[in-house]
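[1] here is my input; please provide its structure:
(3 chains)
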Amino acid sequence: MIMTDKPAKYLMNTWYAAALSTDVSDQLMHRRLLDIPVVLYRKEDGTPVALQDKCPHRFAPLSLGKKKGDNVVCPYHGLAFNGEGQCVHNPHGRGHIPAKAHVVSYPLMEKYGFIWIWMGNEPADENQLPDYSQLDDGHANALAHTYMLRPCHYELITDNVMDLSHVDHLHGEIITTRGQLSPQMPRVVEDNGEISVRWEWHQTPAMMIFNDFLPRPNEEAAQFVVVTWSKPSHIQLTIGATQDHTSNEPLCYENTISQYDLHTCTPETENSSHYFFATRRNHNVEDGEFNKLKIAGMHGAFEDEDGPILDRVQEMMPNNDFLSLDPVLISSDAGPIRVRRVLKALIESEQTKQNEAVA
Amino acid sequence: MIMTDKPAKYLMNTWYAAALSTDVSDQLMHRRLLDIPVVLYRKEDGTPVALQDKCPHRFAPLSLGKKKGDNVVCPYHGLAFNGEGQCVHNPHGRGHIPAKAHVVSYPLMEKYGFIWIWMGNEPADENQLPDYSQLDDGHANALAHTYMLRPCHYELITDNVMDLSHVDHLHGEIITTRGQLSPQMPRVVEDNGEISVRWEWHQTPAMMIFNDFLPRPNEEAAQFVVVTWSKPSHIQLTIGATQDHTSNEPLCYENTISQYDLHTCTPETENSSHYFFATRRNHNVEDGEFNKLKIAGMHGAFEDEDGPILDRVQEMMPNNDFLSLDPVLISSDAGPIRVRRVLKALIESEQTKQNEAVA
Amino acid sequence: MIMTDKPAKYLMNTWYAAALSTDVSDQLMHRRLLDIPVVLYRKEDGTPVALQDKCPHRFAPLSLGKKKGDNVVCPYHGLAFNGEGQCVHNPHGRGHIPAKAHVVSYPLMEKYGFIWIWMGNEPADENQLPDYSQLDDGHANALAHTYMLRPCHYELITDNVMDLSHVDHLHGEIITTRGQLSPQMPRVVEDNGEISVRWEWHQTPAMMIFNDFLPRPNEEAAQFVVVTWSKPSHIQLTIGATQDHTSNEPLCYENTISQYDLHTCTPETENSSHYFFATRRNHNVEDGEFNKLKIAGMHGAFEDEDGPILDRVQEMMPNNDFLSLDPVLISSDAGPIRVRRVLKALIESEQTKQNEAVA
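    Predicted coordinates for the structure are as follows:
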């Protein structure tokens, strides 16, 4: 059931992924974002549009209507709205357009293969989206995107990616870390509002996703992974393996067989999340077919391994404020808990500011 | 889930359609009406009976029991109730019938192919049902009835029928009005508590339902439609087309190729409605097969076109008081909004009266 | 949806059936009991274990994890818990085990083919489980157990078994009582907190379950049934038939063709119940195949006849305090109502005691 008009529980003045670029076309597409119904489409010149998916007249979903030029026509009584959300045609009576006849039009930005949406009341600020241009950098066949919907709160997914020690326990051969992450005290760094966690280790053989591309498959490899969270729910993850590293340079994308990924979540409702993913690699770059394997691996890991656990955790939680539920914390929680605290403070600060503006 | 004992949200001292006459037989039939479980059946002489479908002993549904003569026997412990709702047999112990051993029996009236129910506490008043005897007037093969259940509040259906401008936008060729209704300022008349809206227009060709019966098919025709709402949720709709009208008389059932319909809704629950429909026509009257087409057309239009929109509108509404949700109103809303205001006043007046009686 | 942390609505310091003995193995098994998620398994020596099925770290269900020796390993981050619920291994960081890293381990007792669980805070008292050792007494092939899950409150099932007059009205030939129970004023005896109801009657022929084993099938037989409730929700039922009884001794298991059954319910949630059943017979004792018929008969009677009524009764009840809903009571209610009152007093007394302990 679609519910509306809930009090804000999300960081609002920030960018969320609304859709993969490839999923938005000249067809009207409904998606619930931050508990608000949204209709997405592209104008004839390709510019994406996101409008509140609720006609202000009788609350019919515009996404069930028709696109006419760059406008959307409500299916129920034919009111037409332009890409700015303004009613531009009323076929009724003398055609008068009531002053309130408009819907919210949300600022969008198309970058890195995603359409990003700004749903807060403050002016959209393009600089608020971190620079993920490394995704764009390289052969077109070495970049892939995907999308999954999951019935759990988005912060459970953030927790999952920010504490990769779970890979030791939950995941199978393709991305196994062979128990090497858990014993480490993860290195957590907070810098300018971004939170990074880094692990380095050796394993034999390397993760299956890298093993075939190493000079001596099935032998020991040095591996690293680093995750960097940025508000509200973006995590850039770089992971790689090498058998040739001799310098003192830290392991990174450039000096290993590796990939540069973006995990980003957008709340659908309080208890369900859109999960978007992009992956850029620096090996086997011309092999477009290999993308299918990468994406199938992502779906397999998340949908068969993480997802079922997260759904059950969601069911166990009487509310979504994890830290209020008196969890037993362990060393590997350092990253995700830091993220939860920073995000909570940002949301509270935003709401205080809004309340002050109102008062 | 069946819930009971909610505070009254409906106009109670009035007639609602409980069932099509043809749907009630000597078999016990459960139907939830105004959020109250009801069992319907006919006595051996054919008189219909409606009892509260909840045994006062252990709350088992009587409709799962057996009919024995004119009585209903509870499936769980065999208490028998007559058509007045009085327990007339207790097979237990010494057979004592407790003073409280009765269920509510609701006054019924059978008319126009429907069984009407009065669920309020005041005495049932037969005169409160409008005169729809025109349904009975004509060839037996030119009358058809049907029934649909819809997961939306009944007032959304009333709105739908009282503002027929939506036909311009939502419906297909069979009943299209080709955009001719929306530009009109609908003529709304309130008379003695009844609210009528009338449209007249020309279109080429006429609606498919009339076109074949006109002298010059596919040529321009004059059309009219008039809807008349009566409390609580009855709408009589007459619609017709002609190519021969020359007098000054207004277009009506008698001087056009036309039909005389009744749309009437009964709340099942707060968010679902029984929708009943009857249609009488003045053309092709001996063709009983044609009824099947008429009824299939009604189901097609409502279930494929209106219904999906209304269901989504229901989901968008945090409560069922539409006018409290700050809608943008347009000229075509004049009829349905008048109806909503009159009905709201009637319900409030009835509840005030009841509260005064209690105090 | 799994919900946690509700206020206690159940008698807590008492034994409930958690599972059939045969359903608990070295595999982890999830079951919700008294609205609390529980994981059940056996240690290597066969001892059964019941732990709270929620890791205290991130609330993942331990039942999705792995058994390792006698311990359970959480699927998400690999914390291991022993059968006492103590965290015994933390693979993270320096392996420190936080003081709060334990889950509740519930006392169990295995008896009569069931695993019984004590979920209250007071020390488990083995003497609180009534003596049902008659189940163990006899040929192994003359004992059968089964389990059913039902979407209704457990007291509705208790009511059902404590007032067997419903068999006259609801059940078919296999266990029919041919209207002979309802006319009786059932004999209710309360003794030391246990409540018994006894009926005796003649019928022709006997219930089908006994008729074939009587000396003169299809002729009149004397029958009896006695049910004895013990807190919180155990009902021992003995039923038999005879054509040879001449002494003044009351009919009983020993002097009739009869069976000794245990019906016991455990709340799953507020509106659903685990229903466990065991049956011991004194005839046709070597015929193990006959058990299948007995169990199929139990499932048929409860799932096709009682269950659908109870589910609908549940839907009719705005809360589970039946006596607060102003039911019309009749003579046959004497047993179940006595049980409800005794149980309610026990729960209230326990909660008062707990509140005093807190204050």
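[2] show me where pLDDT drops low in chain A?
    Along chain A, the parts satisfying pLDDT under 70 run over A:1-8.
[3] helices of that one, start to end?
    Along chain A, counting by DSSP state H, helices occupy A:154-162, A:167-170, A:208-211, A:288-299, A:307-316, A:334-358.
[4] would you confirm that residue A:241 contacts residue A:223?
    Yes - between residue A:241 and residue A:223 there is a contact under CB atoms under 8 Å: 4.7 Å. C-beta: built from backbone N, CA, C; applies to glycine.
[5] how about the residues of the stretch 51-200 of chain A by chain C?
    A:159, A:163, A:165, A:166, A:168, A:169, A:170, A:179, A:182, A:183, A:184, A:185 (CB under 8 Å from any CB of the partner chain).
[6] next, count neighbours for the first one.
    Burial of residue A:159 is recorded as 21 neighbouring residues (other CB atoms under 10 Å in any protein chain shown).
[7] now do the contacts for it.
    Taking CB atoms under 8 Å, 6 or more residues apart in numbering or on different chains, we find residue A:159 in contact with A:322, A:336, A:339, A:340, C:58.
[8] most widely separated two among those?
    Pairwise distances across those peak at 14.1 Å for A:339 and C:58 (criterion: CB to CB).
[9] who touches stretch A:179-188?
    By CB under 8 Å, 6+ apart, the residues outside stretch A:179-188 that reach it are A:163-165, A:167-169, A:195-199, A:201-203, A:223, A:331-332, A:334-335, A:338, C:77-78, C:91-95.
[10] brain fart, stretch A:40-52
    Applying CB under 8 Å, 6+ apart, the set of residues contacting stretch A:40-52 from outside is A:18-19, A:24-31, A:36-39, A:62, A:67, A:69-70, A:72, A:81, A:83, A:85, A:103-106, A:108, A:110, A:115, A:117.
[11] ok now that stretch, how far from the chain's centre?
    20 Å (CA atoms, centre = their mean, to the nearest Å).
[12] now a ChimeraX select for only the buried ones of the contacts of stretch A:40-52.
    Here is the ChimeraX command that selects the buried residues among those (16 or more other CB atoms under 10 Å in any protein chain shown):
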select /A:18,19,24,28,29,31,36,37,38,39,62,67,70,72,81,83,85,103,104,105,106,108,110,115,117
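[13] so of the contacts of stretch A:40-52, which ones are in strands?
    A:18-19, A:29-31, A:36-39, A:67, A:72, A:81, A:108, A:110, A:115, A:117 (DSSP state E).
[14] so which of the contacts of stretch A:179-188 sit within strands?
    Per DSSP E, the contacts of stretch A:179-188 map to strands at A:195, A:196, A:197, A:198, A:199, A:201, A:202, A:203, A:223.
[15] out of those residues, which one sits closest to residue B:257?
    residue A:195 (74.3 Å).
[16] surely the closest one meets residue A:189?
    Yes - at 7.3 Å, residue A:195 counts as touching residue A:189 under the criterion of CB under 8 Å.
[17] quick one: which of those two has more around it?
    Using other CB under 10 Å as the criterion, residue A:195 and residue A:189 rank with residue A:195 on top: 23 against 13.
[18] that one pairs with what?
    Per DSSP bridges, the residues bridged to residue A:195 are residue A:190, residue A:229.
[19] what about it, distance to residue A:33?
    Distance of residue A:195 to residue A:33, given as CB to CB, to the nearest Å: 24 Å.
[20] how about residue A:240?
    Where residue A:33 is concerned, residue A:240 sits at a distance of 33 Å (CB to CB).
[21] about what we covered before: can you put the contacts of residue A:159 in TSV and add distance to chain B and neighbour count?
    Converted to TSV, the contacts of residue A:159 look like this (distance: CB to the nearest CB, whole Å; neighbours: other CB atoms under 10 Å in any protein chain shown):
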residue	distance to chain B	neighbour count
A:322	28	20
A:336	34	25
A:339	32	27
A:340	30	18
C:58	33	28
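[22] which residues of chain A lie near chain B?
    Neighbours of chain B within chain A, by CB under 8 Å from any CB: A:1-5, A:37, A:54, A:56-61, A:64, A:73-79, A:90-96, A:98, A:100-101.
[23] so how far is the first residue of stretch A:26-34 from its last?
    Terminal residues of stretch A:26-34 lie 23 Å apart, using CA to CA, to the nearest Å.
[24] which other residues reach that stretch?
    A:2, A:10, A:12, A:16, A:18-19, A:23, A:37-42, A:44, A:53, A:61-67, A:72, A:117, A:119, A:266-269, A:274.
[25] check stretch A:346-356 too.
    By CB under 8 Å, 6+ apart, stretch A:346-356 touches A:8, A:9, A:10, A:11, A:12, A:13, A:120, A:121, A:231, A:232.
[26] go on, stretch A:121-128?
    With contact meaning CB under 8 Å, 6+ apart, stretch A:121-128 is reached by A:12, A:13, A:14, A:15, A:107, A:109, A:118, A:354.
[27] what's the farthest-apart pair in the residues you listed?
    A:109 and A:354 (22.7 Å).
[28] could you report the neighbour count for the residue in the stretch 251-359 of chain A that chain B sits nearest to?
    Proximity of the stretch 251-359 of chain A to chain B (CB to the nearest CB) peaks at residue A:269, 12.3 Å away. Neighbour count for residue A:269, taken as other CB under 10 Å: 17.
[29] wait, it sits on residue A:36?
    No - Residue A:269 lies out of contact with residue A:36 (CB under 8 Å); the separation is 10.0 Å.
[30] so residue A:240 and residue A:33 - more neighbours on which side?
    Each of residue A:240 and residue A:33 has its neighbours counted (other CB under 10 Å); residue A:240 has more, 27 against 23.
[31] got the phi/psi numbers for residue A:120?
    Main-chain torsions, residue A:120, degrees, to the nearest 10: phi -80, psi 170.
[32] how many neighbours does residue A:292 have?
    Residue A:292 has 11 nearby residues by other CB under 10 Å.
[33] that should have said residue A:323, apologies.
    Residues near residue A:323, counting by other CB under 10 Å, number 11.
[34] and if you look at residue A:355?
    Other residues near residue A:355 number 9, with proximity taken as other CB under 10 Å.
[35] state which one residue of chain A is found closest to chain C.
    residue A:331 (3.1 Å).
[36] could you find the closest non-adjacent residue to that residue?
    Leaving aside its sequence neighbours, residue A:331 sits nearest to residue C:93 (CB to CB, 6 or more residues apart in numbering or on different chains; 3.1 Å).
[37] for that neighbour, give me phi and psi.
    Dihedral angles (degrees, to the nearest 10) for residue C:93: phi 50, psi -130.
[38] so what's the residue count around residue A:75?
    Counted by other CB under 10 Å, the residues lying close to residue A:75 total 22.
[39] pretty sure it sits against residue A:59.
    No - using CB under 8 Å, residue A:75 makes no contact with residue A:59, being 11.9 Å away.
[40] walk me through the domains of chain A.
    Domain ranges of chain A: A:15-127, A:130-347, per automatic domain parsing.
[41] that older thread, shared neighbours of residue A:241 and residue A:223, which are they?
    A:206, A:207, A:210.
[42] for these, which one is nearest residue B:256?
    Of all those, residue A:207 has the smallest distance to residue B:256: 77.9 Å, by CB to CB.
[43] for the residue lying closest to that closest one once chain neighbours are set aside, what are its contacts?
    If the residues on either side of it in the chain are set aside, residue A:207 comes closest to residue A:175, at 5.3 Å by CB to CB, 6+ apart. By CB under 8 Å, 6+ apart, the residues touching residue A:175 are A:167, A:207, A:208, A:209, A:297, A:301.
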